[in-house]
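Enquirer: sequence and computational prediction follow.
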Amino acid sequence: MINGLREWADRYRGRGKFTPVGVTFHWFMAAAVLYQLVSGWAMQRYLAGPEKLEAYRLHSEIGMTLLLFGALRLLWRLMVPGPINDADNAGWRSKLAYATEGLFYALFVILPLSGWTLWSAIQPARPLSLLGLVTVPAMPFRDISPEWQYWLLYVSEIVHVGAVIILAPLVLLHTIAALKHHFWDRDDVLEGILPEVPDNQWHPGGPNYSRPGESSHPPS
Ligand code: HEM
Ligand code: HEM
């Protein structure tokens, strides 16, 4: 089965592109990570009350969904590697790009696990729901002493916020590098991760284009 998947993926990799599965993972998770950064920052500023609790719950549930998708994505990436493209030229930039991607995967685990610990140490801890389908219980901290609960809260907050401090500049660096590849180096790196739009050659200038009012010539 893995060989079949790789053969299918080679049709994209051969053209320097990630597969549609890889592209969907990338943009879905990029949007979710950005949402998490903004919602995490914003929810701290709410006044204590039901709205704040609801914001914490939503942030935590989307974060846990990221843990699930991060694991599936890693599995996918191990089975189906990305394309070889201009980002793979030998040199420190390519090494930096790979280190950044590796760190992203590590953070996709560290952030949700530290967040889950944080959520579970705030009493009374409630279960979380993944996409409304699966219920994830809080970690079993209810019966431990208040000193230990406080310690867990303290340590997991340091880890969570520390991971955010690493993630935010990495996202910026990664985005600037992708835009530099596209607009400065004019290579194929950004196109590799963009969804493919089939070119049916009906665009202005294409062989099948006709001006409004003229008859069109459908391909035989
Ligand atoms: C990629 C995933 C995640 C990102 C990027 C993220 C980001 C953030 C950010 C930016 C903050 C605000 C930090 C601050 O200003 O002090 C925060 C706080 C928080 N996050 Fe996350 N988070 C993620 C996953 C999770 C998960 C999975 C949970 C819970 C299951 C969670 C629970 C919390 C809680 C409870 C706080 C509040 C901490 C406090 O009040 O001190 N987070 N997160
Ligand atoms: C929170 C935001 C983002 C995260 C966490 C993220 C993460 C990743 C990861 C882990 C990869 C490795 C490929 C994979 O395993 O799927 C990757 C590749 C890539 N990303 Fe992002 N990304 C983000 C945002 C962006 C944005 C905004 C852009 C473009 C403006 C971008 C452009 C690219 C490109 C071009 C590649 C392919 C690099 C190559 O061919 O080696 N990413 N990204």
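Expert: That came through fine. Ligands and ions are numbered 1, 2, ... in the order given.

Enquirer: phi, psi for Ser129 please.
Expert: phi -120, psi 130 (degrees, to the nearest 10).

Enquirer: next SSE after the helix or strand of the chain with the lowest mean pLDDT?
Expert: Between all helices and strands in the chain, the lowest mean by mean pLDDT, DSSP states H and E belongs to helix 2-13, at a mean of 90. Heading C-terminal from helix 2-13, the first helix or strand you meet, by DSSP states H and E, is helix 20-43.

Enquirer: for ligand 2, what are the nearby residues on this protein?
Expert: Contacts of the chain with ligand 2, taken as C-beta under 6 Å from any ligand atom, map to 22, 25-26, 30, 33-34, 77, 82, 85, 87, 97, 101, 104, 171, 174-175, 178-179, 189-190, 192-193. Any C-beta I mention is one placed from the backbone N, CA and C, and that applies to glycine too.

Enquirer: buried ones among the residues you listed?
Expert: 22, 25-26, 33, 77, 82, 85, 87, 97, 104, 171, 174, 178, 189-190, 192-193 (16 or more other C-beta atoms under 10 Å).

Enquirer: out of the residues of the chain next to ligand 2, which touch ligand 1?
Expert: Within the residues of the chain next to ligand 2, those near ligand 1 by C-beta under 6 Å from any ligand atom are Val33.

Enquirer: hmm, back to that, tell me which of the buried ones among the residues of the chain next to ligand 2 fall in strands.
Expert: Among these, no member falls in strands (criterion: DSSP state E).

Enquirer: hang on, the earlier thing: check which helices and strands the least confident helix or strand of the chain is in contact with.
Expert: helix 50-79 (3 or more C-beta pairs under 8 Å, 6 or more residues apart in numbering; DSSP states H and E).

Enquirer: what's the average pLDDT for the helix of greatest length in the chain?
Expert: Secondary structure of the chain per DSSP state H: the longest helix is helix 146-183. In this model, helix 146-183 has an average pLDDT of 96.

Enquirer: ok and it relative to helix 20-43, angle-wise?
Expert: Inter-element angle recorded for helix 146-183 and helix 20-43: 130 degrees (by axes from the mean of the first three to the mean of the last three C-alpha atoms, to 10 degrees).
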